[in-house]
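Peer 1: Structure for the following, please:
(chains A and B, ligands or ions: 3)
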Amino acid sequence: MKLRANLVIGGVLFALAIFVGLLAPWLAHTDPVMDANLMNAEEPPSWTWWFGTDDQGRDIYSRVVYGARVSLTVGIISQLINSVIGVALGLSAGYFGGWWDDVVNALTNVMLAIPSLIFALAIMAVLGPGLTSLLIALGLTNWSFTCRIARASALSLRSQGYVQAATVLGYGDLRIMITQLLPNMLGPIVVIGTLGMGSAVLSEAALSFLGLGVRPPFPSWGSMLSEAREQITTAPWLSIFPGLAIFLTVLGLNLLGDGLRDILDPQSRSRRT
Amino acid sequence: MTGTPLLEVEDLRIDLDDGSRRVAAAEGISFRIDRGETFGLVGESGCGKSITALALIGLLRPPLSIGGGVIRFEGKEIQHLSAAKQRDLRGNRIAMIFQEPMTALNPVSPVGRQIAEMFVLHKGKSWREANQLAVEALASVRVSAPERRVKDYPHQLSGGMRQRVMIAIALACDPELLIADEPTTALDVTVQAEIIELMRNLCAERGTAILMISHDLGLVANVCRRVAVMYAGRIVEERGSADIFRAPSHPYTQGLVDSLPRLGSRAALGRSRLKEIAGVVPAITNFPNGCRFNPRCAQATDICRTSAPETDVLEAGGLVRCHHHA
Ligand SMILES: Nc1ncnc2c1ncn2[C@@H]1O[C@H](COP(=O)(O)OP(=O)(O)OP(=O)(O)O)[C@@H](O)[C@H]1O
Ligand code: SF4
Ligand SMILES: [Mg+2]
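Peer 2: Ligands and ions are numbered 1, 2, ... in the order given. Okay, the predicted model is just below:
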């Protein structure tokens, strides 16, 4: 099998982001919050200050490195919550059908009708800013695609021989859903989850940009952009580097999602062969 | 065999609810299977064999439902058991294997795990023990190198291998009854014979009764001690396997036997299929009045068109449902 460029590039970018986030304390040059020093305020990028410094003299490189932690935590955990909700609802709806299916469908339609960022904004407004609020707001508002796909897969898998065989062998409903249906729909769910992580990273940036995310001074890429917007002409590096970090991470996740779709989606697989 | 039969079906009716009305997709189904006995159910496509089997294991789903009658397993009525109790029977005491070995295994799970799951599910074993037992189960269906094979995925196995795995799964919990619904139709002839032989031997060793379902009278008669012939939702004749060939009593059965090639070596390869008897099988919603076979029957008289025959007991042993039976 030939290696797919999108899978490789996406995987490398995402792995790099994870690596940076995990090793932030070792990779960063200075403490992202404490090491303010007005003597070095607004230095442009140089050998000493790779990404430059902000108006308080904090090292932008170190802040971007630490910012990866927030972005990835929010991206991964909120998408995990979405995936779990979407799979639980969609899988059970498709498997059981009937009134439960109607309820889940109605709920999904509501979620699809309201842009998830608006929904998340409303939740943040109620919960107030902070990491936990972010995880909840983004984790509860972006499961509708996963739910749709899980439901459709469950509907089609339900009539497969092995699902019927499992019924005949005395498997209970829960066991059938977990052992027979879930593993067979994992491909598309993972793809959507990967793409969803990308959009969660973006949403985190957007919410933090609006001041609803992680509270300053702790860095997140979104809040860094927000703080930088007044100096965008005088100190463009303040916006460029966090922006670049968001761009590369989201790009990586999208490429990874596409690449995974190519290998995991049985339809595109059979199209190739 | 004396005492209570293993399985006793009395006057079972299966309803099909097509939205506006209920029609009987099968009715007056009665038969019994003793412990360790082999019993065959034969008939053309659509006559109601599979739905009868599903009724036995409590798996009829709308639009089908049990419309009446009694099903007793080991003397106890099972048709009204709770879903959980029926689930405990299924796979544990009554197992079933299907026609399609290609699709009856979960493609993303190693076969050993699928066998092991039966021990976990029904026997409360730990996964450790269950995995060990799965190797033994695979060995018992004569799969070579079972400790390596358990790690294989279904797509790595041939059709015959998969059907062996299905048998291992079905027999894992040592059920009292194995229902085999067209277990080999999808396989090629030599593999078919092997699988049937294996199934028969394993069940004989363990004293497992078999209810074998097929279109193929020759195949069924070769495996089973007694055979019931079904036509349009009713059992029309039930006989010992040898008798049914020597002296078929019902005109439909006679037609079946006549259409079998090479009677002497009939089932050696299990190849013979039913040749169509003149006419077509009536649709469920449109069964003829009287005897359902009358439009196709050469011996039909007026009474056949107006009144449905009752079941008669034959002197030579066996049951037949025909006004003018031999
Ligand atoms: N889910 C269902 N909904 C509606 N009708 C059904 C359903 N399942 C079976 N039937 C009808 O019930 C009748 C008996 O079906 P069944 O599957 O038992 O036939 P069979 O004897 O097993 O045939 P085959 O040899 O083709 O497997 C058929 O006429 C079929 O159309
Ligand atoms: S009852 Fe009449 S129509 Fe039916 S099988 Fe017997 S002879 Fe033929
Ligand atoms: Mg059938």
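
Peer 1: Now do the same contact list for residue A:248.
Peer 2: By C-beta atoms under 8 Å, 6 or more residues apart in numbering or on different chains, residue A:248 lies in contact with A:13, A:16-17. Heads up, the C-betas are built off the backbone N, CA and C, glycines and all.

Peer 1: Could you say which helix or strand holds it?
Peer 2: Here residue A:248 is covered by helix A:237-264, with elements defined by DSSP states H and E.

Peer 1: Go through that helix and flag the buried ones.
Peer 2: In terms of neighbour count (16 or more other C-beta atoms under 10 Å in any protein chain shown), helix A:237-264 has its buried residues at A:237-243, A:245-246, A:249-250, A:252-262.

Peer 1: what does the average pLDDT come to for that helix?
Peer 2: The average pLDDT for helix A:237-264 rounds to 87.

Peer 1: All the helices of chain A, in order from the start?
Peer 2: If DSSP state H is used as the criterion, the helices of chain A fall at A:5-22, A:24-27, A:60-96, A:98-113, A:116-127, A:131-139, A:144-157, A:161-168, A:173-175, A:182-209, A:221-228, A:237-264, A:266-272.

Peer 1: what's the closest of these to residue B:204?
Peer 2: helix A:161-168 (22.8 Å; C-beta to C-beta).

Peer 1: do that closest one and chain B meet at all?
Peer 2: Yes: on the criterion C-beta under 8 Å from any C-beta of the partner chain, helix A:161-168 is in touch with chain B at A:161-162, A:164-168.

Peer 1: That helix packs against which elements?
Peer 2: In terms of contacts (3 or more C-beta pairs under 8 Å, 6 or more residues apart in numbering or on different chains; DSSP states H and E), helix A:161-168 is packed against no helix or strand at all.

Peer 1: Leaving out the residues flanking it, which one is nearest to residue A:208?
Peer 2: Among residues not flanking residue A:208 along the chain, residue A:222 sits closest, at 2.9 Å (C-beta to C-beta, 6 or more residues apart in numbering or on different chains).

Peer 1: what does chain B put close to ligand 1?
Peer 2: B:16, B:25, B:43, B:45-51, B:63-64, B:215, B:284 (C-beta under 6 Å from any ligand atom).

Peer 1: neighbours around the closest residue to chain A within the stretch 151-300 of chain B, how many?
Peer 2: Nearest residue of the stretch 151-300 of chain B to chain A, counting by C-beta to the nearest C-beta: residue B:169, 6.7 Å away. Residues lying near residue B:169 (other C-beta atoms under 10 Å in any protein chain shown) number 27.

Peer 1: likewise residue B:243?
Peer 2: 18.

Peer 1: again with residue A:175
Peer 2: The number of residues packed near residue A:175 is 16, by other C-beta under 10 Å.

Peer 1: residues in contact with residue 251?
Peer 2: You didn't say which chain, so I picked chain A. Counting by C-beta under 8 Å, 6+ apart, residue A:251 has contacts A:10, A:13.

Peer 1: wait, I meant chain B there
Peer 2: Taking C-beta under 8 Å, 6+ apart, one finds B:293, B:297-299, B:322, B:324-325 in contact with residue B:251.

Peer 1: just checking, residue A:257 touches residue A:199?
Peer 2: No: counting by C-beta atoms under 8 Å, residue A:257 does not reach residue A:199; the two are 10.2 Å apart.

Peer 1: Just want the residue of the stretch 101-250 of chain A that's nearest ligand 2.
Peer 2: residue A:168 (33.8 Å; C-beta to the nearest ligand atom).
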